[in-house]
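[1] Prediction below, plus the sequence it came from.
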Amino acid sequence: MPDPFDHGAASGLDGSALRRCVGDPAEFERTHWGLRPLLRRADRHDDLFDLAAVDELLSERGLRTPFLRIANAGAVVPAKSFTGGAGLGAEVSDQIRDDKVLEQLAAGATLIFQGLHRIWPPLQSFCLDLARELGCAVQANAYLTPAGNQGFATHYDTHDVFVLQVAGVKHWQVHEPVHPDPLERQTWGGHADEVAACATGDPYLDHVLDEGDVLYLPRGWLHAAAAVDRTSLHVTLGLRRPTRYSIVEALLGLAAEDPRLRAGLPLGLDLTDPVALAPHLAATVQALQDFADKADAENVARRLRPGQWTAHRPGPVRPLAQAAFADTLTADSRVQPRPGQRLALGQGRLELADRTVGFPPACDDAVQTLLAGPAVRVGDLPGLDEQSQLVLVRRLLREAVVIPA
């Protein structure tokens, strides 16, 4: 069996989120990324999330479903078992009840905090940095399991994950895939018998994760985890890697523009009859091949942008502070690109996931300077007089393209 451990000492103290998770990024890409698990000894992770944060979310933040799920004995607990109304003045019926969660913990249930990259600032920043380095969307969930209990039986995920052990210890058993590189819709339930059979064999990895450990699992690798002698808390970072099938889907979407592929089929054709279908299948494949041979990367990229650019929301904008900053903007004000914002710059326009922001072509150099970052003084933007600089930056502040530095 290949050694799953990374014996290096790199800690990510240089500020790299990826290096913190994997040590040497080049070695990780070469020997583990999408290929096989990685287990490494690292530093503590309680700066990102900890047990005190769990209590704060449950008792003080007015958390609602689906930001919390609960599982027990491999099954999801109905939300009505741990939610209730928010009281006078709030028309909310699915707020988390801390007293009911206490009951669930006493019964051995696992708490699953979902979407922490949206609601917990340290993980929000970390996931944005990691997404930038990996080139894919990153989400953060956390799992709190009482001692001696297990949340879910052996299964696989349809995305890669980093597991950061925050508190306590957890026993992990990892088996090789029964369905390598599954797409998002190819969940483990479609291979339940194979998964169950494989789980009875010798594991690829059988290890107790201690505080500070990191485990990387490519999508499709089977795993199950159980707390040992004390409450376990770990953060799972889900990595939404695009696939070649993503490109196939974009090509098929563009193929709707080809008249040959939009053509109707003969009257009375039975598509379920292989003999009758064969010549039309051949003609369709040929037409699709002809279309694909002429595919333009710019068109395909444009088709992919909405899905890729919205898979991970950019960094937060403080609406009141942003508006006040725009109203009091001066030439000495400093701004920077909004972290994690995905866009394309064209002549006289910015293409975002949901809209296009236009501006005079004379602003092109100034916009390019703004987007280059990390921060720039408004009065230093090239090619514009002071009034035009202020007008441009106010517009981009109100479009949430840039933020105060």
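    It's in. Numbers count the residues shown, from 1 in each chain.
[2] Let me know the next secondary structure element after the lengthiest helix in the chain.
    Ranked by residue count under DSSP state H, the longest helix found in the chain is helix 274-293. Following helix 274-293 in sequence order, the next helix or strand is helix 297-310 (DSSP states H and E).
[3] which residues sit against that following helix?
    Residues outside helix 297-310 that contact it (Cβ atoms under 8 Å, 6 or more residues apart in numbering) are 137, 242, 246-247, 250-251, 253-254, 342-344, 351-354. Just so you know, the C-beta spots here come from the backbone N, C-alpha and C atoms, and that holds for glycine as well.
[4] quick one: secondary structure of the residue positioned nearest the centre of the chain?
    Centrality entry for the chain: nearest residue to the mean C-alpha point is residue 138, 2.6 Å, by Cα atoms, centre = their mean. Three-state call for residue 138 (DSSP: H, G, I helix; E, B strand; the rest coil): strand.
[5] what about it, distance to residue 258?
    Noted for residue 138: a distance of 36 Å to residue 258, by Cβ to Cβ, to the nearest Å.
[6] Repeat that for residue 70.
    Using Cβ to Cβ, residue 70 is found at 49 Å from residue 258.
[7] all helices of the stretch 201-350 of the chain, in order?
    244-255, 259-262, 274-293, 297-310, 319-327 (DSSP state H, counting those that start in this stretch).
[8] Now render the ones you listed as JSON lines, adding distance to residue 163, mean pLDDT and mean neighbour count.
    As requested, the helices of the stretch 201-350 of the chain are exported to JSON lines (distance: least, Cβ to Cβ, whole Å; pLDDT from 0 to 100; neighbours: other Cβ atoms under 10 Å):
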{"stretch": "helix 244-255", "distance to residue 163": "25", "mean pLDDT": "95", "mean neighbour count": "14"}
{"stretch": "helix 259-262", "distance to residue 163": "44", "mean pLDDT": "94", "mean neighbour count": "11"}
{"stretch": "helix 274-293", "distance to residue 163": "39", "mean pLDDT": "96", "mean neighbour count": "12"}
{"stretch": "helix 297-310", "distance to residue 163": "25", "mean pLDDT": "93", "mean neighbour count": "14"}
{"stretch": "helix 319-327", "distance to residue 163": "35", "mean pLDDT": "98", "mean neighbour count": "13"}
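[9] As a markdown table, these with distance to residue 17 would be great.
    Converted to a markdown table, these look like this (distance: least, Cβ to Cβ, whole Å):
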| stretch | distance to residue 17 |
| --- | --- |
| helix 244-255 | 23 |
| helix 259-262 | 43 |
| helix 274-293 | 37 |
| helix 297-310 | 20 |
| helix 319-327 | 25 |
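[10] Looking at the ones you listed, spot the one closest to residue 42.
    Residue 42 lies closest to helix 297-310 among the helices of the stretch 201-350 of the chain, at 29.4 Å (Cβ to Cβ).
[11] Can I get that closest one in CSV, CA atoms only?
    Provided in CSV are the C-alpha atoms of helix 297-310 (Å, rounded to 0.1, in the frame of the first residue of the first chain):
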residue,chain,number,x,y,z
ALA,A,297,-12.8,28.2,-26.5
GLU,A,298,-14.1,31.7,-26.0
ASN,A,299,-17.7,30.6,-26.5
VAL,A,300,-17.3,27.5,-24.3
ALA,A,301,-15.6,29.6,-21.5
ARG,A,302,-18.5,32.1,-21.7
ARG,A,303,-21.0,29.2,-21.4
LEU,A,304,-19.2,27.9,-18.3
ARG,A,305,-18.9,31.2,-16.5
PRO,A,306,-22.3,31.4,-14.8
GLY,A,307,-22.0,28.0,-13.2
GLN,A,308,-18.3,28.3,-12.3
TRP,A,309,-18.5,31.9,-11.1
THR,A,310,-21.5,31.3,-8.8
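[12] That helix versus helix 244-255: what angle between them?
    On the basis of axes from the mean of the first three to the mean of the last three Cα atoms, to 10 degrees, helix 297-310 is oriented at 120 degrees to helix 244-255.
[13] could you point out where the stretch 101-250 of the chain is predicted with low confidence?
    Within the stretch 101-250 of the chain, the stretches with pLDDT under 70 are 151.
[14] what about 50?
    Low-confidence segments of the stretch 101-250 of the chain, defined by pLDDT under 50, are absent.
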